[in-house]
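S.K.: Kindly return the folded structure for what I paste below:
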Amino acid sequence: MDAILSLPVLIGLIAVALLFDFLNGLHDAANSIATIVSTRVLRPRYAVVWAAFFNFIAFLFFGLHVAQTVGTGIVATSVVDARVIFGALMGAISWNLVTWWAGIPSSSSHALIGGLVGAGVAKAGGGAVVWTGLSKTTAAIVLSPFTGFVLALFLILAVSWLFVRAHPRMGDTVFRNLQFVSASLYSLGHGGNDAQKTMGIIAVLLFSQGHLGSEFHVPFWVVIICQAAMGLGTLFGGWRIVHTMGSKITRLTPMQGFCAETGGAITLFAATGLGIPVSTTHTITGSIVGVGAARKVSAVRWNVASNIVTAWIVTLPASALIAAAFYALVGLVG
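M.R.: Numbers count the residues shown, from 1 in each chain. Prediction:
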């Protein structure tokens, strides 16, 4: 690919980025709706519409700090070109499709980060990596599920104490209604953090081609199309992963679903405000494990949770290797 792209090639790459964004929504739909579906508060068809709406309007509530991090804080902008972007996107998309087919709730976010690093290193070696930004992101692999776990555990204990004398039917009704609020907040956090990763990719591609002037920024039209692509992906849902997230890890009541979603939403809001591209999958899984462990340790199916953790560990290197392979392949055919 030439240093300066023709318009059709540039549009094609943006379309590939939006395909990733769509698949991100498809793959991570379960993160927003698994708890509200598994507690039977909403039927799946209505839950995905609910989540997709809040995914889309998330840009109204958050700054673009995550997009800035992805665009300039993982790989040096001087290294980024069309070939790097293509390799990164194909690495992330390929890994997303493999894990979606297998029903494994791996991280679309870290697949993209891994793909970006793999393609960047394939081009310019280790010097291509912005290590401060990458270390902040990889630290979130541990911190986001742990934070979700602690917050959800604290919330379930606090709520259980507050409602200890309440009639079970009354408590169930209250938390079924509250789950609409917690699911909305989590979907906002999901759309606010995840859609910005694709915004950062498209913006840095445009910047590398001289379309953004001398200063990196995210055009408003990029914001809108990325939020729309993610919302559309969420509409199609990811039912294999919903089953894993909503029932295989632990069985949830409406109260537990509310606490898991609220703990996860707080984590995502904080991370998005700090510009950290965290994994919504990691976050909600940690929260679900937290509410399950509050009931009793045996309530959590730890073998399923351990398989998910293994997928998390493998995601970065696997997507990086696939991205490097695509980068090399373009060089052979280009």
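S.K.: Return the residues in contact with the nearest residue to Pro254 once chain neighbours are set aside.
M.R.: Excluding its sequence neighbours, the residue lying closest to Pro254 (Cβ to Cβ, 6 or more residues apart in numbering) is Phe175, at 3.9 Å. From N, CA and C alone the C-beta is placed, and that goes for glycine too. Going by Cβ atoms under 8 Å, 6 or more residues apart in numbering, Phe175 touches Thr253, Pro254, Met255, Gly257, Phe258.
S.K.: do Gln196 as well
M.R.: Shown in contact with Gln196 (Cβ under 8 Å, 6+ apart): Phe62, Leu64, His65, Val66, Ala67, Val70, Cys226, Thr272, Pro277.
S.K.: thinking again about what came up before, just checking, which of the contacts of Phe175 belong to helices?
M.R.: The helices, defined by DSSP state H, take in Pro254, Met255, Gly257, Phe258 from the contacts of Phe175.
S.K.: Tell me how far the last one lies from Leu151.
M.R.: In this structure, Phe258 and Leu151 are 12 Å apart, going by Cβ to Cβ, to the nearest Å.
S.K.: ok, these two, which is more surrounded?
M.R.: Each of Phe258 and Leu151 has its neighbours counted (other Cβ atoms under 10 Å); Phe258 has more, 30 against 23.
S.K.: Now do the same contact list for that one.
M.R.: Phe258 sits in contact with Val159, Phe175, Leu178, Gln179, Ser182, where contact means Cβ under 8 Å, 6+ apart.
S.K.: For those, which two are the farthest from each other?
M.R.: The distance between the two most remote of the contacts of Phe258 (Cβ to Cβ) is 12.4 Å, for Val159 and Gln179.
S.K.: of those two, who's got more company?
M.R.: Shown here are Val159 and Gln179; by other Cβ under 10 Å, Gln179 has more neighbours (26 against 21).
S.K.: Scan the chain for its longest helix.
M.R.: helix 168-208.
S.K.: Please state the mean pLDDT value computed over it.
M.R.: For helix 168-208, mean pLDDT is 89.
S.K.: Would you mind identifying the next helix or strand past it?
M.R.: helix 220-236 (DSSP states H and E).
S.K.: So for that next one, what gets flagged as buried?
M.R.: Residues 222-223, 225-235 are the ones in helix 220-236 that count as buried (16 or more other Cβ atoms under 10 Å).
S.K.: cool, stretch 22-42 as well?
M.R.: By 16+ other Cβ under 10 Å, the buried positions in stretch 22-42 come out as 22-39, 41-42.
S.K.: how far is that stretch from where the chain is centred?
M.R.: From the chain centre to the centre of stretch 22-42 is a distance of 12 Å (Cα atoms, centre = their mean, to the nearest Å).
S.K.: re the thing from before, looking at the contacts of Gln196, spot the one nearest Gly263.
M.R.: Of all the contacts of Gln196, the one with the least separation from Gly263 (Cβ to Cβ) is Thr272, at 15.3 Å.
S.K.: quick one, what contacts the closest one?
M.R.: By Cβ under 8 Å, 6+ apart, the contact set of Thr272 is Phe62, His65, Val66, Gly189, Gly192, Asn193, Gln196.
S.K.: do that again at 10 Å, thanks
M.R.: By Cβ atoms under 10 Å, 6 or more residues apart in numbering, the residues touching Thr272 are 58, 61-66, 188-194, 196, 278.
S.K.: what's the answer for Asn177, then?
M.R.: Val41, Pro254, Phe258 are the contacts of Asn177 under Cβ under 10 Å, 6+ apart.
S.K.: Quick one: the helices in the protein, in order.
M.R.: Under the criterion DSSP H, the chain contains helices at 7-38, 44-56, 65-72, 82-102, 108-124, 131-162, 168-208, 220-236, 239-243, 254-274, 280-295, 302-333.
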